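Engineer: sequence first, then the predicted structure:
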Amino acid sequence: MYDNLSYTNSDELVKQMSEECDTCILSFSTGKDSIASYVQLRKYFKRIIPYYYYVVPHLSFVDRSIKYYEGIFGCHIYQFPNASVIRMLNSLLFQPPERVTKIEESELPYSSEYTKQTTSNRIRKMLGLPDSVYTAIGVRSADSPMRYTAIKKYGAVNHVKKTFYPVYDWKKQDIVEAIDESGILLPVDYRMFGRTFDGIDYRFLKPIKEHYPDDYRKIVNMYPLCELELFRRGERDGLLGKESKD
């Protein structure tokens, strides 16, 4: 299977992939490239199974976006912790001394052991899907010289990891036009951060604290010392100062 793939562009790639197997998994960040990937995939695949990586579970603005996209996609979007969550907890990032023992005793896996391949394997096993179901990732050659070189050398399919890049040859304008034509909205993340939410540094904490104070409290509950990000920028008013009990 997939041995005879011969493509010169992403349309040919996605069409041939769908002819081999009409189901695919989609790594869905709610970002522009992942939305464009969905638009591309739905032209050819009968079934698309999306999943989302969260940094903090069940933030209200994230859950609203996920619910919106589930309505657009007509299916459930599975949610899993981002590998960065495991990395941050293992490194005790923004954790007070009293939590150290509990985190160490939890024996979390190394973040390097928790990959998109791990997630895809879990979804295939959970849903009883065959190994022929590959995972689509919104990676583009134009993202960086490194990605351009890698895709040019190895192609837009990785048979070992069972992944492929449905918009690998798209330019930024192609992404914008595809999303505009689809009528699918971008998440609120772009208005707040100019990108999707994927960290707990000042870029994200400041807007979340201003616009979604309850979500900010959830973040502080999980990473109590993250308020140091605001404190070191001279913003000392309104800091919680301790874990929220909400």
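Structural biologist: In hand now; what should we look at? Numbering: from 1, shown residues only.
Engineer: scan the chain for its longest strand.
Structural biologist: Ranked by number of residues, the top strand in the chain under DSSP state E is strand 47-54.
Engineer: the helix of greatest length in the chain - what's its average pLDDT?
Structural biologist: With residue count as the measure and DSSP state H as the assignment, the chain has helix 60-73 as its longest helix. Average pLDDT, helix 60-73: 98.
Engineer: now do it: distance to the chain's middle.
Structural biologist: Computed by C-alpha atoms, centre = their mean, to the nearest Å, the separation of helix 60-73 from the middle of its chain amounts to 13 Å.
Engineer: now that helix: buried residues?
Structural biologist: By 16 or more other C-beta atoms under 10 Å, the buried positions in helix 60-73 come out as Phe61, Val62, Ser65, Ile66, Tyr69, Phe73. In short, each C-beta sits where N, CA and C put it, glycine included.
Engineer: buried residues in the longest strand of the chain?
Structural biologist: The neighbour-count check on strand 47-54 (16+ other C-beta under 10 Å) flags Ile48, Ile49, Pro50, Tyr51, Tyr52, Tyr53, Tyr54 as buried.
Engineer: same deal with stretch 99-108?
Structural biologist: Arg99.
Engineer: next: stretch 211-230.
Structural biologist: Applying 16+ other C-beta under 10 Å to stretch 211-230 flags 212, 215-220, 222-224, 226-227, 229-230 as buried.
Engineer: quick one on the thing from earlier: can you give me the angle the longest strand of the chain makes with helix 60-73?
Structural biologist: Going by axes from the mean of the first three to the mean of the last three C-alpha atoms, to 10 degrees, strand 47-54 is angled at 170 degrees with respect to helix 60-73.
Engineer: run through who's touching strand 47-54.
Structural biologist: 22-30, 38, 41-42, 62, 66, 69, 73, 75, 77-83, 85, 119, 123, 127, 129, 133, 136 (C-beta atoms under 8 Å, 6 or more residues apart in numbering).
Engineer: give me the subset of the residues you listed lying in strands.
Structural biologist: Thr23, Cys24, Ile25, Leu26, Ser27, Tyr78, Gln79, Phe80, Pro81, Ala136.
Engineer: okay if I get these as CSV plus pLDDT?
Structural biologist: Below are the ones in strands among the contacts of strand 47-54 laid out as CSV (pLDDT from 0 to 100):
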residue, pLDDT
Thr23, 98
Cys24, 98
Ile25, 98
Leu26, 98
Ser27, 97
Tyr78, 97
Gln79, 96
Phe80, 94
Pro81, 92
Ala136, 98
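Engineer: what's the PyMOL line that selects buried ones from the residues you listed?
Structural biologist: To isolate the buried members of the ones in strands among the contacts of strand 47-54 in PyMOL, using 16+ other C-beta under 10 Å:
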select buried, resi 23+24+25+26+27+78+80+81+136
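Engineer: for Trp170, state which of the ones in strands among the contacts of strand 47-54 is nearest.
Structural biologist: Ala136 (13.0 Å; C-beta to C-beta).
Engineer: hmm, back to that, in TSV: the buried residues of strand 47-54, plus distance to Ser144.
Structural biologist: Formatted as TSV, the buried residues of strand 47-54 follow (distance: C-beta to C-beta, whole Å):
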residue	distance to Ser144
Ile48	26
Ile49	28
Pro50	24
Tyr51	24
Tyr52	23
Tyr53	20
Tyr54	25
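Engineer: since that was my last question, I'll sign off now.
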